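Chemist: 3D model of this:
(chains A and B)
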Amino acid sequence: MTRHRDQYLFREAGGFVVDATVKRGGEDIAFQIVPDPELCIVFLQQHAGAPNAALVRPGDEVVEGQKIGDSDETLGVPVHAPIAGVVRKIEDAYHPTAGGPAPAVFIERRDRAQPPVRLPAFDAGRLDELNAETLLAAVREAGVVGLGGAAFPTHVKLAMRRQAARLVINAKESDPNVACDVRLKREHAEEIVAGIQAMTRMLEPEEVVFATRAEPGAFADLEARLAKAGVDMAHIPPSYSVGSDKLLVKELFGLEVPCGAYPPDVGVVVHNVFTAYAVARALFAGEPLVSRGLTLISRATGPLNLWVKVGTPLRDVLRYAGLDPAGYNRLTIASMLMGQSVPDTDVPMLKATAGICAFGPDEPSPYDRPLPCIRCGYCNMVCPVGIYPVLIMEAETRGQTVRLRRLHAEDCIDCGLCSYVCPSAIKLTAPLRRAMAAVKRSEG
Amino acid sequence: MMDTPGSQYKMELSPHVHSGITKDALMGKTFLAMCIPAIAAVFAMGTGALLHIALAVGTTLFCHVLISWLEARSPGKPSCPSLSSPLVAGMIVGLSMPIASPYPVTLGVAALTMIVFKWLQGRILGRKYLNPAAASKLVLLGGLTLAAGLGTGMLFYPGHLRLDLWTAAGFDRVVAFYETQSLSGVQSLVLWKTHGWIGGASGLAALIAGVGAVLWLKLKWRIVLSLLVAIGVLAILFGVVTGGSVVGRLAFHLFTGSVVFMGFFMATEPQSTPVTEGGQYAFGALLGLATFFLQQLNVLGGSILALVALNLLTPFLDRIGMRRSYGHGGGR
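Modeler: As a prediction, the model looks like this:
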């Protein structure tokens, strides 16, 4: 399908543009299934919340879908074996989100005829007969977390019945390098709508909104199904920053989430479109969350949509795409504006990994040689939350914590736009993160 | 780069891509925008204007080479690795000089701009608190003023001391001074001057280039707006109170080079001006107020004194007029 070029030029505050043309055409590329790896590295904690304890020991045989880690805490979400095999060891590995070591279960693949473990599946046609608690428990048991990147336990957000008057499905796909959400809408419209209906059953909101940057008519099948399900569609101009839950809430409803609060505090629960799909698979297919779609982008391959088992080392994904890991010197996962660098290709895919970028030696970091700040104010103009990155950087350099609080450094959403537009190529994210930490320390 | 022992790949904080906006590109665009008033000045004022500009640009480039040579022999990163910044600095100096200025003075201002107020100021203070060209002019021309009087300093045209801007009759004589064979005083002030700042030879050309630069480069437009509004309001007020020509007052006070060129291309210099919205409005309004009254006191071109004074207030102005951020009743 032909799309207007502007679909890939995301408009930001101050008249700046985020170039998302690297993913042009990605939505037209079908998901390819990456074969199961020889070794899966499954972090015991892949969600924002309480840590899990391992339910297996080295030497144990596991079946695909078997629960291998869980917690009794409210914010605990189990993890499952993505492949059948033997637990070789449980030890620390580099966790890309944490930026340091975290315990992981190493599963060596053993091909066997044993079918994958499935959870009890419900009949989508008899959703009204199921009570919310049953559904919430099933969502939790399937290990579903927010797949937009935050990895917050989905069952916790769906249990906010009293708080939430609105349910928003974030299908804006605002990361400049992620095309898998759009592809999902094309390939799995039925499951997405079923997931939204299940979420609606659990949350019982007064209003359900499906937010997309696509123009009306771009996804005829999905749009027809949403209309039939009574879900409103909101077509929002392409923008990177509005992918943030808080900013999306303001864009859609004009509601501002107060400092330190979250969208449910203003009556809105936001879920990513991939999460809706995962909820449907969990409830109606009994499938634990052990795989997901993501987009890999490199100069050699362009955008590729891949379906990958959680725990697959990055090396296997790159090789499947025909890339020699040795030919690259920068590898990042998640958004190219907010994601993390990885130190090696042992790093596995997480539940919330939506993107991979591989940069070759001819694509050096644009921030390698920063120049002195010229105080042009571009960072202030583009900041979607309206803070002053340059003033925060100056105050942080001088150790002025009181001033950092006055400048509301803690409101930074780490979107990276300030660095992205900086003519001096200064990575302002570094002082901003230090400033946020300083403010938090000062507040005790 | 983050410290991750044993890392095979380069580890760094996000973001991992950049918009491609560079300092050199901004400088290049600024230079191009200033070419418009420069070309107009050469047509209006003759080859003398071209010589001033060429001398200023040549001097700043020479100083840049000298500084680069010195820095290459000392530890630390080069402070200004490209030619774009000295090019722009030279152009600003050239266009902010009075056409009657002796060439050695232009050369001196350009050298002082590069060596003292760009290089040393940045190196010692870590940032340019004073507009380099304005500070250099103030030091050199202010020094000449102190040594030889206002008639020699600032404008190098003693006649301006006899101007009477406080009465309608006196003001009419000032406007008449700008009349040519084909243009009225007001038309000349707006379109075609042969006196004063080179960059203001054609107030209209400077205005067009300035507005273009504001839109193209996202300059600090609040400063320019409040500066022009402040001066415009005062001009109207004085026109009404003295009973003279309001249009003449507006043309005189707004279209001199020390207002229109300074407002767009010097008062928006990013490092020495506030970044908060309210701070920018205050900066422009105070600059307009000071510039207007300096003009009234016959210190034509004394706007650089006002600009440098306001530069010193920038750290304080950066503390006022902050917008509310998201979560505190604001955001985008």
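
Chemist: use CA for all of it now, contacts and neighbours both
Modeler: OK.

Chemist: Which parts of chain B are helices?
Modeler: With DSSP state H as the criterion, chain B has helices at B:23-45, B:47-72, B:84-96, B:103-112, B:121-125, B:132-148, B:168-177, B:185-191, B:203-217, B:221-242, B:246-254, B:257-261, B:277-296, B:303-317.

Chemist: which one of these is the most hemmed in?
Modeler: By mean neighbour count, with neighbours taken as mean count of other CA atoms under 10 Å in any protein chain shown, helix B:257-261 ranks first of the helices of chain B at a mean of 29.

Chemist: which parts of chain B sit against chain A?
Modeler: Within chain B, the positions near chain A by CA under 8 Å from any CA of the partner chain are B:4, B:6-23, B:26, B:79, B:218-219, B:270-271, B:275-276, B:323-332.

Chemist: Per-residue pLDDT of A:Met1, please?
Modeler: Per-residue pLDDT puts A:Met1 at 39.

Chemist: What ranges in the chain fall below the confidence cut-off?
Modeler: Picked chain A for this. When residues are selected by pLDDT under 70, those of chain A lie in A:1-5, A:113.

Chemist: looking at chain B here, not the other one
Modeler: B:1-6, B:152-158, B:331-332.

Chemist: Spatially central residue for it, please.
Modeler: Closest to where the C-alpha atoms of chain B average out (CA atoms, centre = their mean) is B:Met266, at 1.9 Å.

Chemist: what's near enough to touch that one?
Modeler: B:92, B:131, B:134 (CA atoms under 8 Å, 6 or more residues apart in numbering or on different chains).

Chemist: Out of those residues, flag the one nearest to A:Val439.
Modeler: B:Asn131 (33.1 Å; CA to CA).

Chemist: Excluding chain neighbours, what is closest to A:Asp411?
Modeler: Closest residue to A:Asp411 apart from its sequence neighbours, by CA to CA, 6 or more residues apart in numbering or on different chains: A:Cys259 at 6.9 Å.

Chemist: What's the local residue count around the one you found?
Modeler: A:Cys259: 14 surrounding residues under other CA atoms under 10 Å in any protein chain shown.

Chemist: Make sure I have this right: it is in a strand.
Modeler: No. Using DSSP: H, G, I helix; E, B strand; the rest coil, the assignment for A:Cys259 is coil, not a strand.

Chemist: domains in chain B, as residue ranges please.
Modeler: Domain ranges of chain B: B:23-148, B:158-317, per automatic domain parsing.

Chemist: Out of these, which gets nearest to A:Ala229?
Modeler: Comparison of these against A:Ala229 by CA to CA identifies domain B:158-317 as nearest, at 45.8 Å.

Chemist: what about the closest one, distance to the chain center?
Modeler: How far domain B:158-317 lies from its chain's middle: 11 Å, per CA atoms, centre = their mean, to the nearest Å.

Chemist: Check stretch A:130-144 too.
Modeler: Relative to its chain's centre, stretch A:130-144 lies at 21 Å (CA atoms, centre = their mean).

Chemist: Quick check, central residue of chain A?
Modeler: Closest-to-mean residue, chain A, CA atoms, centre = their mean: A:Gly149 / 2.0 Å.

Chemist: For it, which three-state class applies?
Modeler: Reduced to three states by three-state DSSP, A:Gly149 is coil.

Chemist: So for A:Val290, which of the domains of chain B sits nearest?
Modeler: Ranking those by their distance to A:Val290 (criterion: CA to CA) puts domain B:23-148 first, at 46.3 Å.

Chemist: got the end-to-end distance for that closest one?
Modeler: Distance between the two ends of domain B:23-148: 40 Å, counting by CA to CA, to the nearest Å.

Chemist: and what of stretch B:150-162?
Modeler: 11 Å.

Chemist: again, but for stretch A:316-331
Modeler: Counting by CA to CA: the opening and closing residues of stretch A:316-331 are 14 Å apart.

Chemist: now do stretch A:284-304
Modeler: This stretch, stretch A:284-304, spans 28 Å end to end (CA to CA).

Chemist: Centre of the chain to that stretch, how far?
Modeler: 12 Å.

Chemist: so what's B:Ile53 closest to, chain neighbours aside?
Modeler: The nearest residue in space to B:Ile53 (CA to CA, 6+ apart) is B:Gly94, at 4.1 Å.

Chemist: Show me what stretch A:434-441 is in contact with.
Modeler: A:392-393, A:396, A:401, A:404-405, A:409-410, A:412.

Chemist: between the residues you listed, which has the most around it?
Modeler: Ranked by the number of neighbours (other CA under 10 Å), the contacts of stretch A:434-441 place A:Ala409 first, at 29 neighbours.

Chemist: From what I see, that one and A:Val385 are in contact.
Modeler: No. Using CA atoms under 8 Å as the test, A:Ala409 is too far from A:Val385 to be in contact (10.5 Å).

Chemist: Return the closest of the contacts of B:Met266 with respect to A:Tyr420.
Modeler: Within the contacts of B:Met266, proximity to A:Tyr420 (CA to CA) peaks at B:Asn131, which comes in at 26.8 Å.

Chemist: Give me the distance between that closest one and B:Phe265.
Modeler: B:Asn131 is 11 Å from B:Phe265, where distance means CA to CA.

Chemist: before we move on, what about A:Asn305?
Modeler: Taking CA to CA, one finds A:Asn305 at 49 Å from B:Phe265.
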